[in-house]
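K.L.:
the sequence and its predicted three-dimensional model are supplied below.
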Amino acid sequence: MSMDWIGSVGYIFSVSQHEDIFVARHVADLRYPLYVANFDEFLETLDALFIWKLFFLFLSLSGNTIIS
């Protein structure tokens, strides 16, 4: 899983290999609120970031490595 930001918006995506092809899959949209009125959207971003963190936590506990 990885994330990309452009200004105050971004997204989380995953890449998996299917035979000889790598496939990217959209996981979640991310938004950094510029105004207090946009705070509701930021709660969805926080949820997605915690899921992203847990993914890497479980990956590290399982003994799998990202870089070989």
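P.N.:
It's in.

K.L.:
got the contact list for stretch 52-64?
P.N.:
For stretch 52-64, contacts defined as Cβ atoms under 8 Å, 6 or more residues apart in numbering pick out 1, 3, 12, 27, 66. From N, CA and C alone the C-beta is placed, and that goes for glycine too.

K.L.:
same question for stretch 16-28.
P.N.:
Residues contacting stretch 16-28 (Cβ under 8 Å, 6+ apart): 1, 11-15, 44-45, 48, 51-52.

K.L.:
from the middle of its chain, how far away would it be?
P.N.:
Stretch 16-28 has its C-alpha centroid displaced from the chain centroid by 14 Å (Cα atoms, centre = their mean, to the nearest Å).

K.L.:
okay, buried residues for it please.
P.N.:
For stretch 16-28, burial by neighbour count (16 or more other Cβ atoms under 10 Å) applies to 27-28.

K.L.:
which stretches of this protein form helices?
P.N.:
39-62 (DSSP state H).

K.L.:
helix or strand with the lowest mean pLDDT in it?
P.N.:
helix 39-62 (a mean of 85; mean pLDDT, DSSP states H and E).
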